[in-house]
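**Student:** generate a structure from the sequence data that follows.
(2 chains)
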Amino acid sequence: MSTETPKKKFSFGPGLIGTLSASPFALLMLFGFVAPLLCVVWFGLMPAKTFDLLQMPTLDNYRTIFEQTYFKSILWSLGLAGVTVIILLAICYPLAFAMAKIFKGGGATFITYAIATSLFVSENIRLFGWVIGFMKRGVVGGLLETWFNIEIDSLLYNVPVIILGMSYVYLPFMLFPLVLGVNMVPDQVREAAFDLGASRWQVFRKIDLPLSMPGVMIGSLLVFVLSVGAISEAKILGGQKVVTIASDIESEFTYAQNWPLGSALSALFIALTTIVVFFALSRFDLEKLLGKKPSE
Amino acid sequence: MIVSRTQKTGFSLYAGLVLLVFYFPVFCIIVASLSKRRFFSFPYPQEQITFKWYEDALNSAQVHDFVSVSLRIGVVTALVSVTIGFFSALAYARYRWKGRQTFQRLVLLPLFFPQSVLGLALLMWFNFLNITTTWWTAAIAHTVWIAPITTLIIAIQAYGLDDSLEEAARDLGATRWQILRKITIPLLLPGMISATCFAVLLSWGNFALSLYTTGADSSLPEWLYARMTSGYQPMVPAVGVINVVFAVVLVLVLFGIVKWSTRKSRRATATASGH
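**Tutor:** As a prediction, this is how the structure comes out:
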């Protein structure tokens, strides 16, 4: 992107038209993204249980958070999200590899559309499918009983099933970046390595993985951020087994009617996610990661 | 790359397995939606298969309300985010301007952000501005999240745009507005149509943003969530299946558009090079 040459002359300045075109979007972000976030941070500094924004700022809410057990739900959310990322990397990498390198054309397109379709069905409906599958006398239980005569209880309402639900819902967000990443690995480099006597494992570690790293990073970050803020999986599949930070925040806003505390929790949560994202991004060349656009 | 037969079979089997597991919940919903009993249990005898719940779902006034709220949000979101996305895609991919690189990164920001928190933040912001939340505040929330996506989709198309066409039009004395209307918009149309489909579909399925921003109105995913957490009701799987069918049809339309536009652009390049 360093070779930017203003080769065209516009009637009213070369830069102005770009700024003008970007301005509706910038205004939308200012109004719908930046301002609400500032609002959350400010509201988190208000005294507990108020709905008024014009009071003396205090750090009481943060004290409450650290004195009570909210850190538990934060840890649960971070842990669940971390495990989901690892599981999805293991499931999706071979599939992405197959889509980018093994089945050219038809097969890969079919898988892309089959997986992408799920993005457009509300995650609640898809999670409900698992509920029907796993509940007592559900599809899995019924099949096991008729085929093998094994009777099982409900498989729902435990931690593994929450992780299953998260992995299931966020699979496309890992798969598609990974496919892009694996596509960036040139075939010739892999072949050269094989010709020089590298083993499969060596090629994977020294060539495939480093060269597809941008895809791995973007996929992992997307999945992490989405699943750390997930709310329906733990509620629909997990019952009351695990309370995540997102549902803690939700209950502060609904049952407890303590908006300042909920805001403080949100602000803390935003800060934590941002730290994780920045930490992950700073370990890799950001320029390379985002600058690799098909254009220039 | 040379691919051996065993490799191909192995990976095909693996992909098949992943897809099978991936579609297992959909299969479960279909099975449940056809069961006559009020409390689902599996397996059930063949004579208990019924389409009653579909009939109920299609005739329920309640479901109609939720569908209409969801559709209104979807249509407004799609129109606004495609219009904004059109211009920001040009800023993203076409024009050389000072803030471009920063802009390209900022576009990604809302996508890397937990949606439930964004919904809440918007709720507080609307509350602060004294705006009562209804379906159209939800449309704003959806637009904040979907406009970056439409921008990226249209930007991909804009990268392939041939500069010389616009230049030729300008040399022939076309005004800026004429160039936009006669050259830029028609050439970016496939991207804009697929962005519209994406916007409608993503808005239709969204739950986390709607949860906080619809106020007294309720979208379809919200209703389904409320029903699911409060106990089993056989109409829910039927609505779910109808939803899946709707998504599949729109995805097929999308697929058709992508094919059509690649063929069209290939033909355009062919005529251009044959000149």
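**Student:** and stretch A:244-261, how far from the chain's centre?
**Tutor:** On the basis of C-alpha atoms, centre = their mean, to the nearest Å, stretch A:244-261 sits 22 Å off its chain's mean C-alpha point.
**Student:** over to stretch A:69-87?
**Tutor:** 13 Å.
**Student:** same deal with stretch A:139-156?
**Tutor:** Computed by C-alpha atoms, centre = their mean, the chain-centroid distance of stretch A:139-156 equals 33 Å.
**Student:** how about that stretch: buried residues?
**Tutor:** A:139-142, A:155-156 (16 or more other C-beta atoms under 10 Å in any protein chain shown). Where you see a C-beta, it was placed from the backbone N, CA and C, and this is true even at glycine.
**Student:** what's in contact with that stretch?
**Tutor:** A:131-136, A:138, A:161, A:237-239, B:27-28, B:31, B:41-43 (C-beta atoms under 8 Å, 6 or more residues apart in numbering or on different chains).
**Student:** same thing but at 7 Å, please
**Tutor:** Applying C-beta atoms under 7 Å, 6 or more residues apart in numbering or on different chains, the external contacts of stretch A:139-156 come out as A:131-136, A:161, A:237, A:239, B:28, B:31, B:41-43.
**Student:** let me know the closest of the residues you listed to A:I87.
**Tutor:** A:I87 lies nearest to A:V161 out of the contacts of stretch A:139-156, by C-beta to C-beta, at 13.0 Å.
**Student:** and the pLDDT for the closest one?
**Tutor:** At A:V161, the model reports a pLDDT of 88.
**Student:** the spatially closest residue to it that is not a sequence neighbour: neighbouring residues, count only.
**Tutor:** Nearest non-adjacent residue to A:V161, counting by C-beta to C-beta, 6 or more residues apart in numbering or on different chains: A:L237, 5.0 Å away. Look at A:L237: counted by other C-beta atoms under 10 Å in any protein chain shown, it has 27 neighbours.
**Student:** for A:L237, give its distance to A:M174.
**Tutor:** Separation of A:L237 from A:M174 (C-beta to C-beta, to the nearest Å): 19 Å.
**Student:** over to B:R100?
**Tutor:** From B:R100 across to A:M174, the span is 29 Å (C-beta to C-beta).
**Student:** phi, psi of the residue of the stretch 51-200 of chain A at minimum distance from chain B?
**Tutor:** Using C-beta to the nearest C-beta, A:G129 is the residue of the stretch 51-200 of chain A that sits closest to chain B, at 2.4 Å. Per-residue torsions, A:G129: phi -60, psi -40 (degrees, to the nearest 10).
**Student:** how about B:I49?
**Tutor:** Torsion angles, degrees, to the nearest 10, at B:I49: phi -70, psi 130.
**Student:** tally of neighbours for A:S266?
**Tutor:** Counted with other C-beta under 10 Å, A:S266 comes out at 29.
**Student:** and B:R266, by the same measure?
**Tutor:** Neighbours of B:R266 (other C-beta under 10 Å): 10.
**Student:** what helix or strand does it sit in?
**Tutor:** Take DSSP states H and E as the rule and B:R266 turns out to sit in helix B:235-274.
**Student:** by contact count, what packs against that helix?
**Tutor:** Contacts defined by 3 or more C-beta pairs under 7 Å, 6 or more residues apart in numbering or on different chains; DSSP states H and E place helix B:235-274 against helix A:106-119, helix A:123-134, helix B:5-33, helix B:52-59, helix B:185-205, helix B:220-229.
**Student:** tell me which of these sits most buried.
**Tutor:** Of all those, helix A:123-134 carries the top mean neighbour count, a mean of 25, counting by mean count of other C-beta atoms under 10 Å in any protein chain shown.
**Student:** give me the distance between that helix and the centre of its chain.
**Tutor:** On C-alpha atoms, centre = their mean, the centre of helix A:123-134 falls 20 Å from that of its chain.
**Student:** neighbouring contacts of that helix?
**Tutor:** For helix A:123-134, using C-beta under 7 Å, 6+ apart, the contacting residues are A:118, A:138-140, A:154-156, A:161, A:165, A:169, A:232-233, A:236-237, B:24-26, B:28-29, B:32, B:40, B:207, B:221, B:224-225, B:228, B:236-237, B:240, B:243.
**Student:** so in chain A, which helix runs the longest?
**Tutor:** When chain A is parsed with DSSP state H, its longest helix is helix A:70-97.
**Student:** mind giving me the packing neighbours of it?
**Tutor:** Counting by 3+ C-beta pairs under 7 Å, 6+ apart, helix A:70-97 packs on helix A:159-183, helix A:213-228, helix A:245-253, helix B:5-33.
**Student:** try it again at 10 Å.
**Tutor:** Here helix A:70-97 touches helix A:60-67, helix A:106-119, helix A:159-183, helix A:213-228, helix A:245-253, helix A:259-282, helix B:5-33, going by 3 or more C-beta pairs under 10 Å, 6 or more residues apart in numbering or on different chains; DSSP states H and E.
**Student:** how about that helix: buried residues?
**Tutor:** Buried-residue list, helix A:70-97, by 16+ other C-beta under 10 Å: A:70, A:73-74, A:76-78, A:80-81, A:83-85, A:87-89, A:91-97.
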